[in-house]
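In: Compute the structure for the input listed below.
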Amino acid sequence: MSELDHEHGPDCDCPDCGDPRSMDFLDKYLTVWIFLAMAIGVGLGFLAPSVVDPIQQYHLVEIGLIMMMYPPLAKVNYRQLPLVFSKWRVLSLSLIQNWLIGPTLMFALAVIFFSGIVPWFPARPEYFLGLIFIGMARCIAMVLVWNDLAEGSSEYAAGLVAFNSVFQILTYGVYIWFFALFLPPVLGLDAMVVGIDAFDITVEQVFWAIAIFLGIPFAGGILTRLGGVRSKGEEWYEEQFVPKISPVTLIALLFTVIVMFATQGDNIVAQPLDIVWLAVPLTIYFVVMFLVSFGMGRGIGADYSTTTAIGFTAASNNFELAIAVAVAVFGVGSGVAFATVVGPLIEVPVLLALVNVAIYFQEKFDWAGYETGQLESTKPASEGTKPASEGTKPASEESTPSKTDDD
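Out: Alright, predicted model coming up:
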């Protein structure tokens with residue numbers, strides 16, 4: 001069920017409805033702030049390259065990522081996660097998107113753009129492998145922010161990220177072996193992996209990358225919700241605490257963008273064509289994955305908030321893992337590591353644009369009758385917000401039949 005339990009329109013003053021007149025200043029001009037943060041980061045890194053050392057020494061990128069994930073995870077109603085994990089159609093769809101369509105699409109783009117089989121596209125084995133390292137690292141981290149901005153289901157985003165992360169711990173090394181070492185020689189692309197016999201990627205390495213970037217904010221969100229609800233009650237938590245911590249996501253996102261782009265300021269200025277060249281397949285990948293996954297979610301009859309969570313968890317990647325593994329295997333100065341670092345620089349503006357696309361779809365499409373995976377809203381009706389019975393009918397009372405049977 002959508003978290004929006006009342007009718008929206010030009011006279012609605014609810015901050016959740018996205019009405020520009022009621023949006024916070026930071027939300028309303030988010031796109032401007034993001035591009036301004038990118039420019040500040042690049043300028044800082046190029047004009048004052050010495051800032052890179054303290055950024056890396058004090059792990060400022062990692063701290064920013066963890067901070068921006070904390071509010072979305074503190075909003076999750078963890079009592080509904082067992083219900084999320086019981087929705088086999090949504091989980092199956094997410095597995096297909098993340099572990100069949102996503103890796104295959106990224107491999108195909110790596111072959112087209114960097115294997116040298118397409119005229120005018122020179123062979124770049126280091127970027128070929130960099131794209132594969134990105135494509136095999138599935139959703140985590142920023143996906144929670146994009147989903148939150150697009151008003152997707154926090155419960156489904158958290159559940160699908162956790163679900164796919166467990167799968168990732170077990171399969172990342174196998175997927176890298178299959179797509180980077182086994183498949184290229186089979187397709188006659190031996191030159192892409194010349195001199196490479198194996199990648200030293202351990203399950204422990206993947207586990208710790210996920211534990212740091214997902215485990216810490218998850219633990220913070222769970223403890224905060226349990227403590228807050230028990231001590232102050234559900235109504236206080238939803239209506240007073242959550243609104244206070246929500247701006248942390250955008251502030252931390254802007255901070256992370258600045259320090260992330262600062263660490264690559266020199267590379268962006270020195271190799272602009274390489275950045276653009278890597279940006280093309282990555283942009284195609286993000287857009288195709290989101291649109292296809294969003295369409296598949298709507299195709300099984302999922303409501304908007306669930307469909308949006310499905311779309312963003314399939315379109316976003318675990319760049320932190322891809323970067324960590326690429327640096328460990330090939331070295332920080334390698335072309336493979338460079339390609340993985342470029343990934344999040346492209347993800348930020350493209351996924352931000354897709355947030356607006358998702359909100360456009362929310363308004364354009366008729367979502368009546370789309371109930372697959374629907375969760376009951378547990379938020380207390382706030383003052384000025386019409387309860388569901390006054391604004392919209394419960395799904396069971398709608399005259400429009402369900403598009404599909406629920407799980």
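In: Ile258 sits in which helix or strand?
Out: Here Ile258 sits within helix 242-263, counting by DSSP states H and E.
In: Give the next helix or strand downstream of that helix.
Out: Next along from helix 242-263, by DSSP H and E: helix 265-270.
In: circling back: got a list of contacts for the helix holding Ile258?
Out: For helix 242-263, the surrounding residues in contact (C-beta atoms under 8 Å, 6 or more residues apart in numbering) are 24, 26-27, 30, 33-34, 37-38, 40-42, 44-45, 51-52, 55-56, 60-61, 64-65, 67-72, 74-75, 145, 148, 268, 341, 344-345, 348. No exception for glycine: its C-beta is placed from N, CA and C like everyone else's.
In: tell me the mean pLDDT over it?
Out: Helix 242-263 comes out with an average pLDDT of 87.
In: Could I get the buried residue list for it?
Out: For helix 242-263, the neighbour count (16 or more other C-beta atoms under 10 Å) marks 242, 246, 248-250, 252-263 as buried.
In: Between the two ends of stretch 133-146, what distance do you get?
Out: 22 Å (C-alpha to C-alpha, to the nearest Å).
In: that older thread, for PyMOL, write the selection for the buried entries among the contacts of helix 242-263.
Out: Written as a PyMOL command, the selection of buried residues from these, which uses 16+ other C-beta under 10 Å, is:
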select buried, resi 27+30+33+34+37+38+40+41+42+44+45+51+52+55+60+61+64+65+67+68+69+70+71+72+74+75+145+148+268+341+344+345+348
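In: next SSE after the one helix or strand Val61 maps to?
Out: Using DSSP H and E, Val61 maps to helix 60-75. Heading C-terminal from helix 60-75, the first helix or strand you meet, by DSSP H and E, is helix 81-85.
In: and that following helix, what does it pack onto?
Out: helix 154-176 (3 or more C-beta pairs under 8 Å, 6 or more residues apart in numbering; DSSP states H and E).
In: Mind listing what's buried along whatever helix or strand comes next after the helix it packs on?
Out: Helices and strands here follow DSSP H and E; after helix 154-176, the next one along the chain is helix 183-186. Buried residues in helix 183-186, defined by neighbour count with 16+ other C-beta under 10 Å: Leu183, Pro184.
In: Show me the contact partners of helix 183-186.
Out: For helix 183-186, the external contacting residues (C-beta under 8 Å, 6+ apart) are Phe107, Ser115, Asp190, Met192, Val193.
In: The fourth one contacts Glu126, correct?
Out: Put plainly, it is Met192. No: the criterion here is C-beta atoms under 8 Å, and Met192 misses it with Glu126 at 9.6 Å.
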